[in-house]
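Participant: Next come a sequence and a model predicted from it.
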Amino acid sequence: MFVLTSLSFSAMVLFCLAMDKHRKQVLEQKVPIIAVRFFRPIAWLILLFTTCLSVKQFGWSIGISVLFGALTVATLLLILLLTYRAKIVPQVAIALSLAASVSFF
Amino acid sequence: MKWFHTWVGLIVGWVLFFMFLTGTLGYFYQEITRWMEPERPFIEHKISNEALLDIAQAYLIKNAQGVDEWDIMLPNARDQNLRVGWRKPPEPGKKRGKYQQTVLDIKTGDSVESRATGGGRLLYRMHYRLHYLSTKISYWIVGFCSMLMLLAVITGVVIHKKIFTDFFTFRAKKGLLGWLDIHNVLSVIALPFHFMITYSGLLFFLFTYMVLSTNLQMSEDEYSEMRKEIFPRSAHLESVNQPKEMLAISHLYQQVKNTWHTGELNYVEVFAAGDINAQARFVRHETDITYNPEDEVMVSAVTGEIILQKPKEYTVTGMIHNGFFSLHEGHFAGSITRWVYFITGLIGTAMIASGLILWTTKRKPKQLKNPNGPDFGYRLVEQLNIGTIVGLPIAIAMYFYANRLLPLEMANRLNWEANVMFISWATLLLYPAFRPAPKAWYEQLNLAAFVYMALPVVNALTTDKHLLNSISKQDWTLVAFDLTLFAIGSFFAFAAYKYQALTFEKKPIKKVINPRDVIADESLLPLRPMNKENG
């Protein structure tokens, strides 16, 4: 569950960084447009991977519903961070993925 | 469409808030019951399933004589106590006997007498079986409200024009815009949940709401046939009145362990106990939303052999129906998933609350300009908002207080716990009528903070199941319960602090500004830009 939430969080951060107005909130330096183009496809790939992981762990029926739960929690966290502590979003994303990969192994 | 969404939401908003909040608590109803029955012993670590089964069987042989159906519920993450249950032989003239369940003290092997309490079950039953009303009327009210909720969810998606561009947008500190954003955000991030919970909620009382179609289209037999399709039962042998000594259930369990390759076990049902036909069905935690036949193993209690069972036969429609029920109730959820359910439920509750607040916030500037003060409708909505959004949580806390403070030997104690809750709620609904709205908000938020923070303290004063003891016994359910109460209290305290900071500190500044500026200022209030943006 923790792994799923962290992965959903990373995907959501990428979705959010793909939008101009949020990128300005989060990052101070400019990101090359080429890189930004890749954010959305990568986010979808991560989501796809999360879905596979969830289905593998819980089976088709529970896996999908759990995934929606993870997405909800991750998005709530991201929106709160964006509003109150936008600058630490990248750090949280990195820390969460690290913690998730540690708990995964 | 927007007009429709607004008024549909307003008409049933408060009932929906009640249903969502009590329903959300329902995800933890076993944990709540556990807290409300402090007589039950602490969790026992390091005891094997076999030992537990032996204790339960010894108790049942001694106390449930002449009964041929036993249930043994093993301690699990939600309920740390060993329980046994059995159905008493039917009284003359009745078809089925009364079902009795009791908690066992593992150390002594005796049953534990708990105080009379409605527990979490009463609280969660309220969300579809509105406490004081008759069953039929409640179902119809609940159905009506759910139907409007479903409409509100659908129209909400339609009128939310920028669902993707505003996906992450929450402009706090911007008054009306902030409330609109929060309503949108809370709706969108948990949209699958909102839709699922409302739709499946309607399915629950299918046969009440669509009574005409079942009554007119099918005979009694066809109806019972259909119910069998939707809720199939698995077969078991009946007693043939030939007494025979059973093997120890813990011995039978060894076979089951070999089948499952895990040491988990949720509950055991024994049929035809003490008879030559005796069988035991071992059930583990659900591994599928609909049904997984491998979660159950039937063993003959006389020979100890595994009896191969024909899996329950679900039709496709039956499976979908069953799947929606299971999704609604989250039976399959482990402890973390259960928390996710709880959080999404709270998101739904907060979504309804923000919608109600949005209604008043939007009309506020215009109403305040009214020479005779705000009109009746506006004041009523504001009053109901304060009394429900903050009042209901306080009333629920009062339910917990009643559990701890009402005398144990009181007559009708169980009913009075609920009465205390509803009396408090009624008081808090009336209270804002006598206070200016901002004061009422602030005072009730403070009261909520106080009652929730004081609950763990009262718990410590009245029982031995308090935080210190439960930490030292590592009874994490009890620890989590007390800490959650404290967290809710802190949340309300924070809300009260924020409310004060945002509402009252503005006032002195306003007084300094001369009247012309005030008008200029009010025209800048987000009413107009908001109308343009969201049409």
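Facilitator: Perfect, I can see it now.

Participant: ok, longest helix in the chain?
Facilitator: Assuming you mean chain A. When chain A is parsed with DSSP state H, its longest helix is helix A:33-84.

Participant: Actually, chain B is the one I wanted.
Facilitator: Longest among the helix segments of chain B by residue count, using DSSP H, is helix B:335-369.

Participant: before we move on, the earlier item: mind giving me the packing neighbours of the longest helix of chain A?
Facilitator: helix A:2-17, helix A:20-26, helix A:89-104, helix B:176-189, helix B:191-204, helix B:335-369 (3 or more C-beta pairs under 8 Å, 6 or more residues apart in numbering or on different chains; DSSP states H and E). Every residue, glycine included, has its C-beta placed from N, CA and C.

Participant: winner for burial among the ones you listed?
Facilitator: Mean neighbour count, computed with mean count of other C-beta atoms under 10 Å in any protein chain shown, is highest for helix A:2-17 among the helices and strands packed on helix A:33-84, reaching a mean of 23.

Participant: quick one: it to chain centroid distance?
Facilitator: How far helix A:2-17 lies from its chain's middle: 1 Å, per C-alpha atoms, centre = their mean, to the nearest Å.

Participant: how about residue 11, what does it touch?
Facilitator: Answering for chain A, as no chain was given. A:43, A:44, A:46, A:47, A:50, A:74 (C-beta atoms under 8 Å, 6 or more residues apart in numbering or on different chains).

Participant: wrong chain, I was asking about chain B
Facilitator: Remark: with contacts taken as C-beta under 8 Å, 6+ apart, residue B:11 is in contact with residue B:148.

Participant: what does residue B:239 give?
Facilitator: With contact taken as C-beta under 8 Å, 6+ apart, residue B:239 is in contact with B:68, B:271, B:272, B:275, B:277.

Participant: who's the second one bridged to?
Facilitator: Residue B:271 has these beta-bridge partners by DSSP bridges: residue B:69, residue B:279.

Participant: unless I'm mixing things up, it is touching residue B:281, no?
Facilitator: Yes - using C-beta atoms under 8 Å, residue B:271 is in contact with residue B:281, at 7.3 Å.

Participant: returning to that earlier point: who wins for neighbours among the contacts of residue B:239?
Facilitator: Greatest neighbour count in the contacts of residue B:239, by other C-beta atoms under 10 Å in any protein chain shown, goes to residue B:272: 23 neighbours.

Participant: Please look at it and residue B:300 and confirm they touch.
Facilitator: No - under the criterion of C-beta under 8 Å, residue B:272 lies out of contact with residue B:300, with a separation of 10.3 Å.

Participant: intersection of neighbour lists for the two?
Facilitator: Contact criterion C-beta under 8 Å, 6+ apart; residues shared by residue B:272 and residue B:300: B:278, B:279.

Participant: Chain A contacts on chain B?
Facilitator: Residues of chain B found near chain A (C-beta under 8 Å from any C-beta of the partner chain) are B:165, B:167-168, B:170-172, B:185, B:189-190, B:192-193, B:287-290, B:323, B:327, B:332, B:336-337, B:340-341, B:343-344, B:347.

Participant: switch to 6 Å and redo it
Facilitator: By the rule C-beta under 6 Å from any C-beta of the partner chain, the part of chain B lying against chain A is B:168, B:170, B:172, B:185, B:189-190, B:192, B:288-289, B:332, B:336-337, B:340, B:344.

Participant: Closest one to residue B:419 out of those, please.
Facilitator: Of all the residues of chain B next to chain A, the one with the least separation from residue B:419 (C-beta to C-beta) is residue B:344, at 31.0 Å.

Participant: hang on, isn't that closest one packed against residue B:190?
Facilitator: Yes - under the criterion of C-beta atoms under 6 Å, residue B:344 lies in contact with residue B:190, with a separation of 4.8 Å.

Participant: Now for those two: what residues contact both?
Facilitator: With contacts taken as C-beta atoms under 6 Å, 6 or more residues apart in numbering or on different chains, residue B:344 and residue B:190 have residue A:72 as neighbours in common.

Participant: any low-confidence regions in chain A?
Facilitator: Of all residues in chain A, those with pLDDT under 70 make up the ranges A:104-105.

Participant: Which part of the stretch 401-535 of chain B gets nearest to chain A, residue-wise?
Facilitator: For the stretch 401-535 of chain B, the nearest residue to chain A under the criterion C-beta to the nearest C-beta is residue B:498, separated by 12.1 Å.

Participant: can you count the residues close to that residue?
Facilitator: For residue B:498, the neighbour count with other C-beta under 10 Å is 11.

Participant: Pop out the phi and psi values for it.
Facilitator: Here the main-chain torsion angles of residue B:498 (degrees, to the nearest 10) amount to phi -60, psi -40.

Participant: what does residue B:9 give?
Facilitator: For residue B:9, the backbone dihedrals (degrees, to the nearest 10) come out as phi -60, psi -40.

Participant: Spell out which residues sit in contact with residue A:70, please.
Facilitator: Residue A:70 makes contact with A:4, A:5, A:8, according to C-beta under 6 Å, 6+ apart.

Participant: Contacts only, for the first one.
Facilitator: Applying C-beta under 6 Å, 6+ apart, we find residue A:4 in contact with A:50, A:54, A:70.

Participant: just curious, which of these is nearest to chain B?
Facilitator: In terms of C-beta to the nearest C-beta, no member of those lies closer to chain B than residue A:70, at 7.1 Å.

Participant: out of everything not next to it in sequence, what's closest to that closest one?
Facilitator: Of all residues not flanking residue A:70 in the chain, residue A:4 sits nearest, at 4.0 Å (C-beta to C-beta, 6 or more residues apart in numbering or on different chains).

Participant: same deal with residue B:158?
Facilitator: Leaving aside its sequence neighbours, residue B:158 is closest to residue B:1 (5.7 Å, by C-beta to C-beta, 6+ apart).
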